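Visitor: pasting the sequence and the predicted model now:
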Amino acid sequence: MSFQIDRTDNYTVVKVGAEKLDSNLAPSLKSELVVLNTDGVKNIIIDLTETRYCDSSGLSAILVGNRLCKNCEGICVLVGLQDSVKKLISISQLDNILTITNTLSEATAMFTT
């Protein structure tokens with residue numbers, strides 16, 4: 001599988017280890033996010049540092065994660081967006097809906113109080 005899952009008490013990091021988040025990988029990401037949510041995870045950081053391409057099915061998987069977290073009063077944070085992925089999110093006008101940070105340390109700082 002192309003995901004590395006790191007759990008902590010306050011959040012879980014899902015690192016996507018693939019260059020393309022497309023229709024081949026998006027269903028697996030959605031399933032992983034649903035399983036995490038079912039296990040009680042409410043704060044998810046999706047690390048897209050290695051992802052250079054994302055299509056509509058990839059965006060759909062990200063939005064599923066965002067909705068799952070919001071429904072249980074948590075936060076879904078995107079980290080390490082490449083320019084092409086940033087542009088797609090911006091064109092789709094999702095940059096106002098999604099929580100995005102530049103680095104993993106910025107994202108994890110959101111959950112440490």
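Guide: The structure has been received and is ready for your questions. Residues are numbered from 1 along each chain as shown.
Visitor: what about the strands in this protein?
Guide: 3-7, 12-16, 20-21, 44-47, 53-54, 76-79, 99-101 (DSSP state E).
Visitor: distance to S28 added to those, as TSV?
Guide: All C-beta spots, glycine's among them, are computed from the backbone N, C-alpha and C. As requested, the strands of the chain are exported to TSV (distance: least, C-beta to C-beta, whole Å):
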stretch	distance to S28
strand 3-7	7
strand 12-16	10
strand 20-21	10
strand 44-47	13
strand 53-54	14
strand 76-79	17
strand 99-101	22
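Visitor: of all these, which lies closest to K87?
Guide: Taking C-beta to C-beta, strand 53-54 is the member of those nearest to K87, at 9.9 Å.
Visitor: JSON lines for the strands of the chain, including distance to L33, mean pLDDT and mean neighbour count?
Guide: JSON lines is the format used below for the strands of the chain (distance: least, C-beta to C-beta, whole Å; pLDDT from 0 to 100; neighbours: other C-beta atoms under 10 Å):
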{"stretch": "strand 3-7", "distance to L33": "10", "mean pLDDT": "95", "mean neighbour count": "13"}
{"stretch": "strand 12-16", "distance to L33": "7", "mean pLDDT": "97", "mean neighbour count": "21"}
{"stretch": "strand 20-21", "distance to L33": "12", "mean pLDDT": "96", "mean neighbour count": "21"}
{"stretch": "strand 44-47", "distance to L33": "7", "mean pLDDT": "97", "mean neighbour count": "25"}
{"stretch": "strand 53-54", "distance to L33": "15", "mean pLDDT": "96", "mean neighbour count": "20"}
{"stretch": "strand 76-79", "distance to L33": "8", "mean pLDDT": "98", "mean neighbour count": "24"}
{"stretch": "strand 99-101", "distance to L33": "15", "mean pLDDT": "96", "mean neighbour count": "16"}
